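Asks: could you look at this predicted model? Sequence included:
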Amino acid sequence: MSGQDVELTGVSMTYPNGFTAVQPTDLTIKAGEFFSILGPSGCGKTTILRMISGFLDPTTGSIAIGGEPMIGIGPNHRPTALIFQSLALFPLMSVWENVAFGLEARGVSKTARRKRAEELLDLVALSDQEDKKPGELSGGQRQRVAVARALAVEPAVLLLDEPLSALDLKLRQHMRAELKDIQRKTEVTFIYITHDQGEALAMSDRVAVMNEGAIDQVASAEDLYNHPNTPFAATFVGEQNVFSGKVKTVANGHAQVETPHGMLLGMNKHGLSTGENAIVMVRPERIYLEDRKDRLGPLPNELNRIEARLQRRDLEGALINMYLDAAGHSVHVNLHNTGDATLGAQDDHMLLFTPDDTVVMRPGPMARDKA
């Protein structure tokens, strides 16, 4: 098996009622890539998947897989396979019969079907489960059967529509690693739809963030988290503390922003000019407590500083989540749990964060606005 690239050019989808689910979109997914489309419910990500699979025809634009135009070609004749959220396994068939179902429809002999099913069940570590019924398997095992069944028809592109959403947290985390391992072994192009940022960041070579039918940003997982391009991407992928203000000065790729909490200096992501309205963002794990400076190591001379009072302190195993009030503005801080029961427990704190950990952007839609 091997993957093929997928290219969308000017693709859009408007339904007969006038609702535009996907705005004109250009997107190239590389052969053999694990590519995720991430976004909130209703943003258009599943519609893109259905257009690639052939279950929907785009209103405008073209789709090519491996350089071959796909418009007008039905789902059964495209080099794709689709795994639904429900998995849709046949309960009265054995596991190997489920895996081989697509081959039977293509006229492959029973002996050859069983041999191929056994190969794929070995690939997904289910070689000892072939004669069981799906109802006798765990949720994670059924998920792997669905993957094996999709791979049986040797697709160049495997489309996965939120396949892990029904699993519990521990099993989802395990299946992330399983899916990524299968993708690497087969080199099939995976296009994965999810609203779970953790899934997208953990598994993907690249991620597209969608919002209201448009792609906001496409980047590697690391770049997306560390260098978001828009307020929406910055606030949908991970958490952000957001402060509003007006640009006071700009220099050396940074902008100084006057806020109700004082001057804050950050990376001038959008090239803002003096006098423009701005938002300043910093992630909870990039904020330090001044009373713990002895544990931080060297910090730059120029630091952002905000006074805040502790409102709530929650322990989440490896992390301590602090929620503080800074002159009526809520601030979230993540601390690594060092086993010190007094960590962050005092009432008043000076919060420190570096300019290079701080991003200045032009105001725009944010994920929190969707709540």
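Replies: It's in.
Asks: which secondary structure elements does the longest helix anywhere in the chain contact?
Replies: Ranked by residue count, the top helix of the chain under DSSP state H comes out as helix 169-186. Counting contacts by 3 or more CB pairs under 8 Å, 6 or more residues apart in numbering; DSSP states H and E, helix 169-186 packs against helix 110-123, helix 139-152, strand 189-194, helix 197-203. Just so you know, the C-beta spots here come from the backbone N, C-alpha and C atoms, and that holds for glycine as well.
Asks: with respect to burial, which of these scores highest?
Replies: Burial of the helices and strands packed on helix 169-186 is given as mean neighbour count (mean count of other CB atoms under 10 Å); strand 189-194 ranks first at a mean of 25.
Asks: dump that one to CSV, keeping only the CA atoms.
Replies: The C-alpha coordinates for strand 189-194 follow below in CSV (Å, rounded to 0.1, in the frame of the first residue of the first chain):
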residue,chain,number,x,y,z
THR,A,189,-2.4,9.1,3.3
PHE,A,190,-4.6,9.6,6.4
ILE,A,191,-7.1,12.5,6.5
TYR,A,192,-8.4,12.7,10.0
ILE,A,193,-11.4,14.8,11.2
THR,A,194,-11.5,15.8,14.8
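Asks: partner strands of it, parallel or antiparallel?
Replies: strand 34-38 (parallel), strand 157-161 (parallel) (DSSP bridges).
Asks: looking at these, which is nearest to Leu103?
Replies: strand 157-161 (16.2 Å; CB to CB).
Asks: for the closest one, give me every contacting residue.
Replies: Residues outside strand 157-161 that contact it (CB atoms under 8 Å, 6 or more residues apart in numbering): 3-4, 6, 46, 49, 52-53, 65, 79-85, 147, 150-151, 179, 183, 188-193.
Asks: Leu123: which of the strands paired with strand 189-194 is closest?
Replies: The nearest among the strands paired with strand 189-194, by CB to CB, is strand 157-161 at 13.0 Å.
Asks: still on that earlier bit, flag every buried residue along the longest helix of the chain.
Replies: Applying a neighbour-count criterion of 16 or more other CB atoms under 10 Å, one finds 171-172, 175-176, 178-180, 182-183, 186 buried in helix 169-186.
Asks: what's the answer for stretch 322-337, then?
Replies: 322, 324, 326, 329, 331-335.
Asks: what two of those residues are the furthest from one another?
Replies: Maximum distance among those (CB to CB): 19.4 Å, for His329 and Leu335.
Asks: follow-up on the earlier one: got the angle between the longest helix of the chain and helix 139-152?
Replies: Angle between the axes of helix 169-186 and helix 139-152 is 20 degrees (criterion: axes from the mean of the first three to the mean of the last three CA atoms, to 10 degrees).
Asks: restricting to C-alpha, output helix 169-186 in PDB.
Replies: C-alpha atoms of helix 169-186 as PDB (Å, rounded to 0.1, in the frame of the first residue of the first chain):
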ATOM      1  CA  LEU A 169      -9.800   8.900  27.600                       C
ATOM      2  CA  LYS A 170      -7.300   6.200  28.300                       C
ATOM      3  CA  LEU A 171      -8.400   4.200  25.300                       C
ATOM      4  CA  ARG A 172      -8.400   7.300  23.000                       C
ATOM      5  CA  GLN A 173      -4.800   8.000  24.000                       C
ATOM      6  CA  HIS A 174      -3.800   4.400  23.300                       C
ATOM      7  CA  MET A 175      -5.600   4.400  19.900                       C
ATOM      8  CA  ARG A 176      -3.800   7.600  18.900                       C
ATOM      9  CA  ALA A 177      -0.500   5.700  19.000                       C
ATOM     10  CA  GLU A 178      -2.000   2.700  17.300                       C
ATOM     11  CA  LEU A 179      -3.400   4.700  14.400                       C
ATOM     12  CA  LYS A 180      -0.200   6.600  13.900                       C
ATOM     13  CA  ASP A 181       1.800   3.400  13.900                       C
ATOM     14  CA  ILE A 182      -0.500   1.800  11.300                       C
ATOM     15  CA  GLN A 183      -0.200   4.900   9.100                       C
ATOM     16  CA  ARG A 184       3.600   4.800   9.200                       C
ATOM     17  CA  LYS A 185       3.600   1.100   8.400                       C
ATOM     18  CA  THR A 186       1.200   1.300   5.400                       C
END
